[in-house]
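J.: One predicted model, sequence on top.
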There are 2 protein chains.
Amino acid sequence: MNRGQIAVTVDVVIFALRDNDLQVLLVKRKYPPFSGQWAIPGGYVDVDESLEEAAARELYEETGIQVGELEGSAARVPYIEQLYTFGDPHRDPRGRVITVAYFALVPAPLALRAGSDASDAEWKSVHRLPKMAFDHDQIVRYALQRLRYKLEYTAVGFQLLPPSFTLSALQRAYETILGEKLDKRNFRRRILHAQVIEPTGEFQSGEGRPAMLYRFREDAVAEVKARRLFP
Amino acid sequence: MNRGQIAVTVDVVIFALRDNDLQVLLVKRKYPPFSGQWAIPGGYVDVDESLEEAAARELYEETGIQVGELEGSAARVPYIEQLYTFGDPHRDPRGRVITVAYFALVPAPLALRAGSDASDAEWKSVHRLPKMAFDHDQIVRYALQRLRYKLEYTAVGFQLLPPSFTLSALQRAYETILGEKLDKRNFRRRILHAQVIEPTGEFQSGEGRPAMLYRFREDAVAEVKARRLFP
DNA sequence: TCAAAAGTGTTTGTGGTACACCCATGG
DNA sequence: CCATGGGTGTACCACAAACACTTTTGA
């Protein structure tokens, strides 16, 4: 019998697109172990809250970001899903701590607030990650792999964009995350053909010719079963 | 702070093909809560063992099935992966118990042994599941969904078959799991084209014309990235 | 010779990929 | 008028789906 000997935490990998780069929100640890090092936001699960509630609470306490669909909220996470549970017996020097990792996507510009558990919160490029506490580097790498994977067969990528966006911005988002160039004509044809976005009727003016703005269709089928019997 | 107030278990959904049916291994609970009801094998995680070790140990204790690649072992699990972590605060009447669920595939005929923690272990059809303890029905349903999903884009299905098998047997396996008929010629072409199996040179005699036996190619690329940008 | 299961090809449609130029606007 | 990014079409190829008959064996 081992009740009471194992602690459970949740940790959340939060992705956003900033400066044409895929970034992760990290917090600087105030207290040991690993104090002064960067970590993904997270903390202990309370006895009477669900894992999702714990993830939302820790996120809010450490970064000011709220989970939910509320309009007008400056900082909200529209998308969160369970990633994996990491349970190596030696992943935390304090003792046996199992962590249920989540991964979240937020539209680019979010107001942050340093919370009580963390002295600082900062966005860091996934390509230049600092040394991180615990096994958090492994968790972030796994989350990135999952994000890339999901990007290709679900419409999850729209969660990283503002409510309306141009097709070029969408393509840049895909290219940034996948780390490769995509053909403009093929990209547009596939996205439009997939019927997941619709034109807003508005245009965005900028440097060159104004671009049509699109929005994600809420009624879109985000994930479709594809008969493949492995490639 | 909540250390010590939350218990962690692992539970394993084990699938096998028996009698042209997809079945799950269930154990009858000896002790409360839910004593006398069916449950998937599992139990508390020890402080000093990893989640995978805990899954393997519980599996062995309750069913006699060993995890690993050992040849000659009558009952071994060649495939196991983490499924999901279920953490609803009220999923266990004894208190807060979070369970890390795994799902495993075994080739059809495995010798079972009732263990000390379970008075009985039995294979049950996924289509006619009995009333189950805790949220185990939910876990099994989720595992089935995952199995069907993986079947289509990975070569995981071969883990449910003996080392050598006919193409008809493979097709029956797919049809049983997916719950639908597949076209024989298209199925064979795709499987052979995918280069995941090779002929053994042996034939299996039976009712009609003898059938070529195939084996899974260990060097096969089981999962290939397919550029789709959602269907 | 019959029953039972194994094995085999072609046509058609759809979607992926490669590829280059004109368009609308602001400065 | 020019720089900047927005927007468009076609040809080829690979693979998915639909579809029915011949072959081999044992009883």
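T.: Looks like it came in fine.
J.: my guess is A:Tyr214 is in a helix, correct?
T.: No - the assignment for A:Tyr214, made by DSSP: H, G, I helix; E, B strand; the rest coil, is strand rather than a helix.
J.: Ignoring the adjacent residues along the chain, who's closest to it?
T.: A:Ile197 (4.4 Å; Cβ to Cβ, 6 or more residues apart in numbering or on different chains). From N, CA and C alone the C-beta is placed, and that goes for glycine too.
J.: Would you list the phi and psi of that neighbour?
T.: phi -130, psi 160 (degrees, to the nearest 10).
J.: measure the residue lying closest to A:Asp88 once chain neighbours are set aside to B:Arg141 for me?
T.: Distances taken as Cβ to Cβ, 6+ apart put B:Ser50 closest to A:Asp88, at 5.8 Å, once the chain neighbours are dropped. Distance, B:Ser50 to B:Arg141, using Cβ to Cβ, to the nearest Å: 27 Å.
J.: More neighbours: these two, which one.
T.: Using other Cβ atoms under 10 Å in any protein chain shown as the criterion, B:Ser50 and B:Arg141 rank with B:Ser50 on top: 18 against 14.
J.: contacting residues around the more buried one?
T.: A:87-89 (Cβ atoms under 8 Å, 6 or more residues apart in numbering or on different chains).
J.: cool, A:Leu182 as well?
T.: Contacts of A:Leu182 (Cβ under 8 Å, 6+ apart): A:171, A:174-175.
J.: got it, and A:Val13?
T.: By Cβ under 8 Å, 6+ apart, the contact set of A:Val13 is A:24, A:40, A:83, A:101-104, A:139-140, A:143.
J.: List phi and psi for it.
T.: Dihedral angles (degrees, to the nearest 10) for A:Val13: phi -90, psi 120.
J.: Now it. Nearest residue, chain neighbours left out?
T.: Looking at A:Val13 with Cβ to Cβ, 6+ apart, the closest residue is A:Ala143, at 3.9 Å.
J.: What is the neighbour count of the one you found?
T.: Neighbours around A:Ala143, by other Cβ under 10 Å: 24.
J.: what's the distance between the closest residue to DNA strand C within chain A and A:Phe203?
T.: Residue of chain A nearest DNA strand C, by Cβ to the nearest atom of the strand: A:Arg209 (3.1 Å). Going from A:Arg209 to A:Phe203 by Cβ to Cβ gives 9 Å.
J.: Which one's more surrounded, the two?
T.: A:Phe203 (13 against 7).
J.: phi, psi of the residue nearest to A:Ala104 when sequence neighbours are not counted?
T.: Spatial nearest neighbour of A:Ala104, chain neighbours left out: A:Ile80 (4.2 Å); criterion: Cβ to Cβ, 6+ apart. The phi/psi pair for A:Ile80 (degrees, to the nearest 10) reads phi -150, psi 140.
J.: how deep is A:Ile80 tucked in, by neighbour count?
T.: 21.
J.: you'd agree it is up against A:Gln66?
T.: No - in terms of Cβ atoms under 8 Å, A:Ile80 does not count as a neighbour of A:Gln66; the distance is 11.3 Å.
J.: anything in contact with each of these two?
T.: Common neighbours of A:Ile80 and A:Gln66 (Cβ under 8 Å, 6+ apart) are A:Ala56.
J.: now A:Ile177: how far from B:Arg215?
T.: In terms of Cβ to Cβ, A:Ile177 sits 39 Å off from B:Arg215.
J.: With A:Pro78 instead?
T.: The value you get for A:Pro78 to B:Arg215, if Cβ to Cβ is used, is 47 Å.
J.: circling back: residues touching the residue nearest to A:Ala104, list them.
T.: Neighbours of A:Ile80 in contact, by Cβ under 8 Å, 6+ apart: A:12, A:52, A:55-56, A:67, A:102-105.
J.: Of these, which pair is most distant in space?
T.: Pairwise distances across the contacts of A:Ile80 (Cβ to Cβ) peak at 15.3 Å, for the pair A:Glu52 and A:Leu105.
J.: who has more neighbours, these two?
T.: The neighbour count for A:Glu52 versus A:Leu105, taken as other Cβ under 10 Å, is higher for A:Leu105 (22 against 17).
J.: And the pLDDT for the more buried one?
T.: Here, the pLDDT recorded for A:Leu105 equals 93.
J.: same deal with A:Pro199?
T.: pLDDT at A:Pro199 comes out at 96.
J.: Please apply the same query to A:Ala101.
T.: For A:Ala101, pLDDT reads 98.
J.: That one: what secondary structure?
T.: Assignment for A:Ala101 (three-state DSSP): strand.
J.: just checking, next helix/strand downstream of the longest helix along chain A?
T.: Longest helix in chain A, counting residues (DSSP state H): helix A:136-153. Counting by DSSP states H and E, the element after helix A:136-153 in chain order, helix or strand, is strand A:164-166.
J.: is DNA strand D contacted by that following strand?
T.: Yes - Strand A:164-166 is in contact with DNA strand D by Cβ under 7 Å from any atom of the strand, via A:Thr166.
J.: quick one: strands adjacent to that strand?
T.: strand A:211-216 (antiparallel) (DSSP bridges).
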